[in-house]
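need a 3D model of the sequence below.
(one chain, ligands or ions: 1)
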Amino acid sequence: MERRPFGWTGVLIPVVGQGTWRMERDPRAAVAALRRGLDLGMTHIDTAESYADGRVEEIVGEAIAGRRHEIFLVSKVLPENASRHGTMAACERSLRRLRTDYLDCYLLHWPGEHPLAETIAAFEDLVRQGKIRTWGVSNFNEDELEEAVRLAGPRRVACNQVYYWLGERGVEHFILPACERHEVAVVAYSPFGQGRFRSHPVLEEVARAHGATPRQVALAFLVHRPSVFTIPKAARREHVEENAGAGDLRLSDEEVARISRAFPLPRARRGRLPVL
Ligand code: NAP
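As a prediction, the model looks like this:
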């Protein structure tokens, strides 16, 4: 599993990690799947207080028990909780459910009504208290990211987690370049379009050339830019194993160009990102 620096933080994390949204449906399978993923090097685990009202954080807590030191653990505060005091309290609740005393990265789930400066102040307090190592944002467009960097200063925002897969490449226009300008890692969520992923003859050809699968090629396409990481969610063991196999797949520039032509960029649009 390839590991690379998580933006300016320099922390080495795997290019393919594990999402956890909707993992409450079969907790036993979820714990087994997450542990299998850890064995295969997918040690970046993404969760959120909002997933099944904290139930998923409890499942993650069970999956990582005894292995905390291996893991790059990320959770998210809901915008409605993201006041200065609300963020601190939400973090404490997440830590309790996850049965840990620190997060590797804590994200604002999407831009909300509380002033961003307040949320950032809370994040910085949490860093000083050792409860989080770094913090970042999610679903921020390029203007919102610039504002976060302006408020926090350079090299404070660790990542921006955004909706990005072959069927929705809009973030490539402005958001990825903005993140790269500020050395902010990009985390591609829903890399299979939440079930909308369909194979394509080009993916199949490239997959054949590497002894890989079309889904592995799709993940490898997302992370071919050094700034990008991805977090597919898989509750089934065979899915976890397939996804982990993408972590060492390197596409040539020519392959990237062919895939890019098969899944063209949408027209450039600015504005608020829809939150999934
Ligand atoms: P996704 O990863 O695009 O798709 C998940 C679906 O794909 C599941 O049904 C899963 O099935 C299936 N799948 C996974 N690997 C597969 C494989 N190798 N072959 C066939 N099917 C496979 O969708 P997602 O859960 O929305 O996104 C991933 C993670 O991103 C989330 O879990 C969450 O942690 C994060 N996320 C963040 C935000 C945000 O606002 N920041 C929003 C959405 C998601 P099984 O589960 O049955 O294996």
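
near the ligand, which residues of the chain?
Applying CB under 6 Å from any ligand atom, one finds that the chain approaches the ligand through 19-21, 46, 109, 138-139, 161, 189-195, 215, 231-236, 239, 242-243, 275-276. Backbone N, C-alpha and C define where each C-beta goes, glycine included.

from those residues, which ones fall inside strands?
Asp46, Ser138, Gln161, Tyr189 (DSSP state E).

could you dump those to a markdown table with pLDDT, neighbour count and distance to Asn81?
Formatted as a markdown table, these follow (pLDDT from 0 to 100; neighbours: other CB atoms under 10 Å; distance: CB to CB, whole Å):
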| residue | pLDDT | neighbour count | distance to Asn81 |
| --- | --- | --- | --- |
| Asp46 | 98 | 26 | 18 |
| Ser138 | 98 | 24 | 14 |
| Gln161 | 98 | 27 | 17 |
| Tyr189 | 98 | 20 | 20 |
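
tell me the one of those nearest Leu203?
In terms of CB to CB, no member of these lies closer to Leu203 than Tyr189, at 20.0 Å.

one step back: just the buried ones out of the residues of the chain next to the ligand, please.
Buried members of those, scored by 16 or more other CB atoms under 10 Å, are 19-21, 46, 109, 138-139, 161, 189-193, 215, 231-235, 239, 242-243.

helices - which of those residues land there?
Among those, the residues falling in helices (DSSP state H) are Arg215, His239, Glu242, Asn243.

farthest pair within these?
Among those, Arg215 and His239 lie farthest apart (CB to CB), at 8.6 Å.

relative to Ala148, how far out is Gly7?
13 Å (CB to CB, to the nearest Å).

and Arg156, by the same measure?
In terms of CB to CB, Arg156 sits 8 Å off from Ala148.

now do Val31
Distance from Val31 to Ala148, by CB to CB: 34 Å.

so between those two, which is more surrounded?
Ala148 (24 against 19; other CB atoms under 10 Å).

which non-adjacent residue is nearest the more buried one?
Closest residue in space to Ala148, ignoring its immediate chain neighbours: Val157 at 5.1 Å, by CB to CB, 6 or more residues apart in numbering.

contacts only, for that neighbour.
Trp135, Gly136, Val137, Leu145, Ala148, Val149, His182, Val184 (CB atoms under 8 Å, 6 or more residues apart in numbering).

per-residue confidence for Val149?
With respect to pLDDT, Val149 scores 98.

which residues touch it?
Taking CB under 8 Å, 6+ apart, we find Val149 in contact with Arg156, Val157, His182, Val184.
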